[in-house]
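[1] I would like the atomic coordinates for the input below:
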Amino acid sequence: MCKRFIAPLLVLVFLSLLFAPDFFAAGFGRITGTITDAETGAPVVNASVLVVGTKFGNFTDSNGNYTIPRLSPGTYTLKISSIEYNTVEIEGVKVDADLTTEVNQKLTRKVSDLDKVIKVRSTHDVIDRFETEHKLTGTSETIKHKPVQTVDALTEQKAEVQKTKDGEVYIRGGRAGVVKYNNKVPVGDPMSGTVIPPEREERRYPYEAPFDAMFFKDYGVNPFVDTRRDHFSTFAADIDDASYVVTRLYIERGHLPPPDAVRTEEFINHFDYGYDAPVKRPFEIYAEGAPSRFGGDDVHLLRIGIKGREVCDRQRKPANLVFVVDVSGSMGRENRLGMVKDALRMLVDELRPDDRVGIVCFESRGHVVLRQTWAGERDKMTIRQGIDKLRSGGSTNAEDGLRLGMQMAREMYHQNKTNRVIMLSDGVANTGTTGPDALLELIDEFIDMGITLTTVGVGMGNFNDVLLEKLGDKGNGHYAYVDNIEEAHRIFVDNLTGSLQVIARDVKIQVEFNPRTVATYRLLGYENRDVADSKFRDDVVDGGEINSGHSVTALYELTYCRGGEGCDIGTVRVRYKDPRWEDNEEVEEVCGEITANFFNHTFDEASAGFRLAAAAAEFAEILKGSYWARGSEIKDILALAVDIYSETEKPEVLELMRLVAKADKYERVLAEE
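    Purely as a prediction, here's the structure:
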């Protein structure tokens, strides 16, 4: 009889200890309250409530409520701010141990004096004493008023609570902001105008373990930015799409990609949006907007497209090319070297007689395989024989291979030709200098004289995306990934001129938002291409390169100021160096206005290209575990892709449909597990 009651009794005792606040938070107090509109009485959502002089604070929820737990006893000043309201400071807020202090405040809307701060003295009540009895009261109302950070298992069930991979539980704010503290150090600051989202969870994989030794880098996720703090968004152009191709191979082989492998801008820039190429100037700027399908009821999506002029194949510059080929032991896996050789043969077939080719390979050290050779029809046989000689084995001395390749490119250099080194590798350097920054120092002098570096990645397992991406970007070329022979054909045959002919160097893009129209904005992707706003016109600062016919597309999520909808959004500026000038110092800048006329009334009214960009971006945001995509599901992307394909019948959209469908299946497998 006694045994029957022992287990329930122990559970009751444990739960009463667990839910008792002093079990975790003895000696601390908390502040709670509601922030409302002084005129209407409506709750003020996402208002920042900061304890001045500390690192503690929070945002109000959809009901205007906030809670700041675990405060040491003392007297504090609260600073309450929201973009549409006057900032208020409440002095003399007293916090006692084991007590809750209630501080409610009505905010008045801004009319003028944007920096005006209203100071008031606190009048507050102690509304409850933290329970210290070891008992559990099971009603939802009493649980609701417990200090939420002391009841991990319970609070995790609430929508506004997040848990990190380390087991830390914290309160998150609305879509456009969040506050998180680690050991009292803020990761996001509610008063800075930019707030960094919480950490994402580790990804699990369906069916089997992921590939071994895959190296990617987490560049984070862009936050929403308050235009009152910073209404400029500046970044370097990026035409890479390697991240999308890597993800495609992961999914085709039965895996979801690691979140760090996903770069949103490279998903967006994989697709052709049908921008018309300019005729009389190097760039054309396109803009289109609509209410967001995925961002939330108050969020709009803005697409900005930059399209470069097109150079036909017969008008491209003659090319001096040096192939630097990784033939280390790891290149023998999965026939990597075989695919590289096939790709090079295809490229050679497309070259003209006034092009020249040299070949360097590297394993434990670098070797010259073929000295500079003209690409006439009879000489192409010699080039093909050089490619056929390549065999895998040994370690990976990328330093020696790159040095030899750059030296050969310098010997072949001609000012009026395209001078390019193309490195094909899995990127896993393990002999000599191995880091991207150190390797870049070795080749800086060659890059400065006009020799560019393009990197082409191959392989799954024992692959270093970080090295190849940085070398391609900083080498004034680009980074591509080849997962099959069709992709090699797309790069080296279908788009050879686009891969070789640079039409603009050091391209930087700056969007200036009208702070009277746009309240907050968030750039989707380009986290590792950020440029300081003040450096936009500093022409020493590196930008990106754009090749013939290529385009760059950027998506922004926006929220409007009150009454801002229907007003002009801002200005887009593109700054670049024209490579046609001998000294490469001629800098040009083009700009375009973003007016309300570019915005559609509904998402469904937007162009197919706009909706495709939105689908690609949201797919990437979901796969990378972005905080801002937490309410989206892959099946919603699939439905949108199906609609776009029925309208366009583009093969690339059909491929996206297939990938999204498989990813949705893998997500369901994980859910079942």
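[2] sketch out the low-pLDDT regions of the stretch 1-150 of the chain for me.
    Residues of the stretch 1-150 of the chain meeting the criterion pLDDT under 70: 1-26, 55, 83-84, 110-150.
[3] let me redo that: the stretch 151-300 of the chain
    Ranges of the stretch 151-300 of the chain meeting pLDDT under 70: 151-210.
[4] tell me where it has helices.
    152-155, 242-252, 264-268 (DSSP state H, counting those that start in this stretch).
[5] not counting the one helix or strand residue 336 maps to itself, show me its contacts.
    With secondary structure defined by DSSP states H and E, residue 336 is part of helix 336-350. Here helix 336-350 makes contact (Cβ atoms under 8 Å, 6 or more residues apart in numbering) with 323, 325-327, 330-331, 357, 375, 380, 383-384, 387-388, 390-392, 424, 426, 456, 458-459, 482, 484-485, 488-489, 491-493, 496. Bear in mind the C-beta positions are built from the backbone N, C-alpha and C, glycine included.
[6] could I have the buried ones of those as PyMOL selection syntax?
    To isolate the buried ones among the contacts of helix 336-350 in PyMOL, judged by 16 or more other Cβ atoms under 10 Å, type:
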select buried, resi 323+325+326+327+330+331+357+375+380+383+387+390+392+424+426+456+458+459+482+488+489+491+492+496
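[7] coming back round to it: name the next helix or strand downstream of the helix holding residue 336, please.
    By DSSP H and E, the next helix or strand past helix 336-350 is strand 356-362.
[8] and residue 276, what are its phi and psi?
    Recorded main-chain torsions at residue 276 are phi -70, psi 130, according to degrees, to the nearest 10.
[9] so it sits against residue 309, correct?
    No - assessed by Cβ atoms under 8 Å, residue 276 is found out of contact with residue 309, at 10.8 Å.
[10] for those two, indicate the residue with more neighbours.
    More crowded of residue 276 and residue 309, by other Cβ atoms under 10 Å: residue 309, with 17 against 8.
[11] contacts only, for the more buried one.
    Neighbours of residue 309 in contact, by Cβ under 8 Å, 6+ apart: 277-279, 281-283, 503, 548-549.
[12] quick one, which of the residues you listed are buried?
    282-283, 503, 548-549.
[13] can you tell me which of the residues you listed is nearest residue 510?
    Set against residue 510, the nearest of the buried ones among the contacts of residue 309 by Cβ to Cβ is residue 283 (13.6 Å).
[14] contact partners for that closest one?
    306-309, 504, 574, 576, 590.
[15] for the closest residue to residue 606 other than its chain neighbours, give the beta-bridge partners.
    Nearest residue to residue 606, sequence neighbours excluded (Cβ to Cβ, 6 or more residues apart in numbering): residue 290, at 4.2 Å. Using DSSP bridges, the bridge partners assigned to residue 290 are residue 301.
[16] wait, doesn't residue 290 sit right on residue 609?
    No - if you go by Cβ under 8 Å, residue 290 and residue 609 don't touch, sitting 11.9 Å apart.
[17] ok now do residue 500, which residues does it touch?
    Residue 500 neighbours (Cβ under 8 Å, 6+ apart): 316-317, 319, 418, 420, 547.
[18] which element is residue 635 on?
    Applying DSSP H and E, one finds residue 635 within helix 634-648.
[19] list the buried residues for that helix?
    In helix 634-648, the ones that count as buried by 16+ other Cβ under 10 Å are 634, 636-638, 640-641, 644-645, 648.
[20] next one: residue 407 from residue 242, what distance?
    27 Å (Cβ to Cβ, to the nearest Å).
[21] residue 399 too?
    Note on residue 399: its distance to residue 242, by Cβ to Cβ, is 22 Å.
[22] between those two, point out the one with more neighbours.
    For the pair residue 399 and residue 242, the greater number of neighbours falls to residue 242 (24 against 21), based on other Cβ under 10 Å.
[23] now the more buried one. Nearest residue, chain neighbours left out?
    Here the residue nearest residue 242, using Cβ to Cβ, 6+ apart, is residue 481, at 3.9 Å.
[24] burial measure for the one you found, as a count.
    26.
[25] partners of it in the sheet?
    Beta-bridge partners of residue 481, as defined by DSSP bridges: residue 457.
[26] correct me, but it touches residue 246?
    Yes - checked against Cβ under 8 Å, the pair residue 481 and residue 246 is within contact range at 5.3 Å.
[27] now do the shared contacts for these two.
    residue 457.
[28] just the CA atoms of the host helix or strand of residue 424, as PDB, please.
    Using DSSP H and E, residue 424 maps to strand 418-425. Extracted in PDB, the C-alpha atoms of strand 418-425 (Å, rounded to 0.1, in the frame of the first residue of the first chain):
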ATOM      1  CA  THR A 418      41.700  38.200 -69.600                       C
ATOM      2  CA  ASN A 419      44.500  36.800 -67.300                       C
ATOM      3  CA  ARG A 420      43.000  34.100 -65.100                       C
ATOM      4  CA  VAL A 421      44.000  31.200 -62.900                       C
ATOM      5  CA  ILE A 422      41.300  28.500 -62.500                       C
ATOM      6  CA  MET A 423      41.900  26.300 -59.400                       C
ATOM      7  CA  LEU A 424      40.000  23.000 -59.300                       C
ATOM      8  CA  SER A 425      40.100  21.300 -55.900                       C
END
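[29] could you give the angle of it to helix 336-350?
    In terms of direction (axes from the mean of the first three to the mean of the last three Cα atoms, to 10 degrees), strand 418-425 departs from helix 336-350 by 160 degrees.
[30] tell me the strands beside strand 418-425, with direction?
    Sheet pairing for strand 418-425, using DSSP bridges, gives strand 319-326 (parallel), strand 452-457 (parallel).
[31] could you dump these to a markdown table with mean pLDDT?
    Listed next are these as a markdown table, based on pLDDT from 0 to 100:
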| stretch | mean pLDDT |
| --- | --- |
| strand 319-326 | 96 |
| strand 452-457 | 94 |
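[32] residue 214: which of those is closest?
    strand 452-457 (11.1 Å).
[33] render the CA-only coordinates of that closest one in CSV, please.
    Presented in CSV, the C-alpha positions along strand 452-457 are these (Å, rounded to 0.1, in the frame of the first residue of the first chain):
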residue,chain,number,x,y,z
THR,A,452,42.3,36.9,-61.2
LEU,A,453,41.6,33.7,-59.4
THR,A,454,38.5,31.5,-59.9
THR,A,455,38.0,28.5,-57.7
VAL,A,456,35.9,25.4,-58.7
GLY,A,457,35.0,23.0,-55.9
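[34] contacts for that strand next, please.
    242, 246, 340, 343, 402, 418-427, 443, 447, 463, 465, 468-469, 471-472, 475-482, 491, 499, 502, 545.
[35] okay, the angle between it and helix 242-252?
    Using the same axes, to 10 degrees: strand 452-457 against helix 242-252 is 10 degrees.
[36] state the next helix or strand along the chain beyond strand 452-457.
    Per DSSP H and E, the helix or strand that comes after strand 452-457 is strand 463-464.
[37] give me phi/psi at residue 76?
    phi -130, psi 170.
[38] which strand residues bridge it?
    residue 93.
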